[in-house]
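1. with the input below, show me the fold.
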Amino acid sequence: MVADYRLKLMFEWGGGCIWAGNDVTRSKYGVGPIEDSLPLANETRRKLADMTAWHDLSLNWDYPPDPGPWDAFEYERFAAAASMMLDHLRSELGDGYSVVYERLGFYEGSVENQ
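-> A predicted model of the protein is given here:
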């Protein structure tokens, strides 16, 4: 079965982590972050919000072009958590949804996009 809805798990600084990945998904859920519109458990939404807040700690908010405060270990911890969330989302949403993880920008010392 081909998934009708394509989603991108992609953490954006300042909010939002699930985005439409095709026209069918945009026509149903709209543009911008759509995690609150998806059929997700409240616990999943809470974990996504926690991950978004955690991700925001990676940016140098005083001068964003400079490297952020995370070391390679913290980038890897976040990447592992994002991979686990990706698996969870795929399981929770089921066959009608295709979910991929896209990193926003390049993370120094991190593994490549999964």
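
2. who does the longest helix anywhere in the chain touch, helix- and strand-wise?
-> Criterion DSSP state H: the longest helix present in the chain is helix 72-93. Contacts defined by 3 or more CB pairs under 8 Å, 6 or more residues apart in numbering; DSSP states H and E place helix 72-93 against strand 5-9, helix 42-56, strand 97-101. Glycine gets a C-beta too; all of them are placed from N, C-alpha and C.

3. give me whichever of those is most buried.
-> Ranked by mean neighbour count under mean count of other CB atoms under 10 Å, those are led by strand 5-9, which reaches a mean of 20.

4. report the buried residues of the following helix or strand past that strand.
-> Note on strand 5-9: by DSSP states H and E, the next helix or strand toward the C-terminus is strand 18-20. For strand 18-20, a neighbour-count test (16 or more other CB atoms under 10 Å) marks 18-20 as buried.

5. with adjacent residues omitted, what lies nearest to residue 22?
-> residue 6 (4.2 Å; CB to CB, 6 or more residues apart in numbering).

6. what's near enough to touch that neighbour?
-> Applying CB atoms under 8 Å, 6 or more residues apart in numbering to residue 6 gives the contacts 20-22, 24-25, 97-100.

7. dump the buried residues of strand 18-20 into CSV; add distance to residue 87 and pLDDT as well.
-> Converted to CSV, the buried residues of strand 18-20 look like this (distance: CB to CB, whole Å; pLDDT from 0 to 100):
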residue, distance to residue 87, pLDDT
18, 14, 98
19, 18, 97
20, 20, 97
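
8. of all these, which comes closest to residue 64?
-> residue 19 (20.4 Å; CB to CB).

9. so where's this protein uncertain?
-> 1-2, 104-114 (pLDDT under 70).

10. residue 26 reaches residue 8, doesn't it?
-> No: assessed by CB atoms under 8 Å, residue 26 is found out of contact with residue 8, at 11.5 Å.

11. so what sits against both of these two?
-> Here residue 26 and residue 8 share the contacting residues residue 20, scored by CB under 8 Å, 6+ apart.

12. no further queries at this time; thank you.
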